[in-house]
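S.K.: missing the sequence, but the structure's below:
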Ligand code: SF4
């Protein structure tokens, strides 16, 4: 039996949910359907002025890494974080018409769009000759550091089924000389250089693959993040600075070490799927090394270390609908996912959702993501839960991150 | 009747740029309650009305975001140094929070006010109404000659 999905299109969902911001709804739909750049848009794209993609954690939806815009943003400042999809998947178009960059659907202009401006540091090199954009990448207002691009769950046959991190790394190594691990001294130089650009960045985010090595599991990961965060900290005049670490669910002692020894202000430990059975199926490495219930418990511990409004978890929403799912319908999945998110929120942990974008170099390459209505209700549900529990999501909002439609909604509350 | 609204009048919009002008930005909150706030940065750049937002978490910034999302109107009360008053109705058309365009305003704000800004709002004027008391009184007296106290019209008795 196939899973029951909503079949409403954009205009129908917009009419059904008039209180949901249409620009955020458009972002959701672009994230789920993807986008492609028309020739006129590529002609308007200037790599000397605009940011080119290729350096991020995960690969693109059409498998091509470089030579295209990183992404776009909308007239309200909403970020769209989508990579090009093959045209046969009927993605939204990014075109150039009427003297401006526009978003099209079936050839009709639906919105204006803007390319991201290229960071000033991108083409510079460290004194060791490393290209700075390979050490630090950028979103319009965030610096993004991926100190460790290899995930050890892959060496153990436990990579998450939606993830392509290691395959992406292989491609990055071949095409843009990407390093697997970065040298803290190089990173310090790159961050210092990035901070010279006035008004550009409001936060630093670190993430990378899981590393279970060490005397205690994940000690290696913990130590490396401390080393990296300390190098970054040398670029600041204050002890704590707006920063987010997206890491494995580390133990409380490990988190305490990171908190005490670095400038880190917030932590995200992505559970990926808010259902134990689906989590075990989709994230076998996380299930084996930590487990669903323990993951949740460690999130609660993290609140004790970092404080309220400083801890969250991410879900790759839509993967819970992939067969063999235990859910019969999107409605059922939504109910369970929001119930779990409510439980986390009652313990001070916020949930943010990443709309799953199937990538060709992942196990779930051919699977279908959720309907627009599903994602709209999920985004609304997650933000409503935050309001109910009086949780703020400042550190992972439309600007500090930009990848979560639900935290985009927090802009008006 | 009486209180005429013009779509745009560049001569009036340019008065937003006068150093002594007082500018009050009025936005609507979630319940529709008007929220007025002084907004010295409001100016006319020749094409759009522009303002800087210093506090990212301010009620005004949230209301403006709601306005751009749901096409809610905003209003500006402009009081000029010549004691003229205008209501400028407008709609937000863009919020710039990143990129080179943002950097330009960010640096300008730091130079002029010594403050970092969180964002820049662009507005399109949709209607301008003269709210100057003398003008309004004349307009309303003409439009509603019955709305008057008769003692104001009584013949003066000889001294
Ligand atoms: S933990 Fe899962 S999602 Fe994260 S990098 Fe490893 S395989 Fe990918």
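M.R.: Great, that's in hand. As the structure is a prediction and not an experimental result, all values here were calculated from the model.

S.K.: what's in contact with the lowest-mean-pLDDT helix or strand in chain B?
M.R.: Across the helices and strands of chain B, mean pLDDT, DSSP states H and E gives its lowest value to strand B:5-6, namely a mean of 74. With Cβ atoms under 8 Å, 6 or more residues apart in numbering or on different chains as the contact definition, strand B:5-6 has outside contacts at B:89, B:127, B:128, B:129. Bear in mind the C-beta positions are built from the backbone N, C-alpha and C, glycine included.

S.K.: check stretch A:29-40 too.
M.R.: Here stretch A:29-40 has contacts from A:10, A:45, A:61-62, A:68-69, A:72, A:80-87, A:89-97, A:103-104, A:318, A:355-357, A:369-370, A:372, A:375, A:405, using Cβ under 8 Å, 6+ apart.

S.K.: and chain A, which of its residues are near chain B?
M.R.: For chain A, the contact set with chain B under Cβ under 8 Å from any Cβ of the partner chain comprises A:21-24, A:49, A:73, A:75-77, A:114, A:116-117, A:140-141, A:197-200, A:394, A:399, A:411-413.

S.K.: in chain A, which spans are helices?
M.R.: A:10-16, A:22-33, A:39-44, A:165-176, A:184-194, A:219-233, A:252-261, A:276-282, A:284-289, A:292-306, A:330-346, A:372-388, A:405-408 (DSSP state H).

S.K.: so what secondary structure elements neighbour the fifth one?
M.R.: Using 3 or more Cβ pairs under 8 Å, 6 or more residues apart in numbering or on different chains; DSSP states H and E as the contact definition, the elements that helix A:184-194 packs against are strand A:136-139, strand A:142-148, helix A:219-233.

S.K.: just these: most buried one?
M.R.: Neighbour counts (mean count of other Cβ atoms under 10 Å in any protein chain shown) averaged over each of these peak at strand A:136-139, with a mean of 24.

S.K.: centre of the chain to it, how far?
M.R.: 12 Å (Cα atoms, centre = their mean, to the nearest Å).

S.K.: who's in contact with it?
M.R.: With Cβ under 8 Å, 6+ apart as the criterion, strand A:136-139 contacts A:51, A:55-56, A:79, A:81, A:116, A:119, A:121-122, A:143-146, A:187, A:190-191, A:194, A:200-201, A:401-402.

S.K.: pLDDT value on the residue of chain B found nearest the ligand, please?
M.R.: Residue nearest to the ligand within chain B: residue B:98 (26.9 Å; Cβ to the nearest ligand atom). pLDDT, residue B:98: 96.

S.K.: also residue A:220?
M.R.: pLDDT recorded at residue A:220 is 96.

S.K.: from what I can see it touches residue A:208, true?
M.R.: No. Using Cβ atoms under 8 Å, residue A:220 is not in contact with residue A:208; the gap is 11.4 Å.

S.K.: shared neighbours, those two?
M.R.: In contact with both residue A:220 and residue A:208: no residue, using Cβ under 8 Å, 6+ apart.

S.K.: quick one: residues contacting residue 125.
M.R.: No chain was given, so I picked chain A. Taking Cβ under 8 Å, 6+ apart, we find residue A:125 in contact with A:131, A:132.

S.K.: meant chain B, my bad for not saying
M.R.: Taking Cβ under 8 Å, 6+ apart, one finds B:7, B:8, B:13, B:49, B:88, B:89, B:90 in contact with residue B:125.
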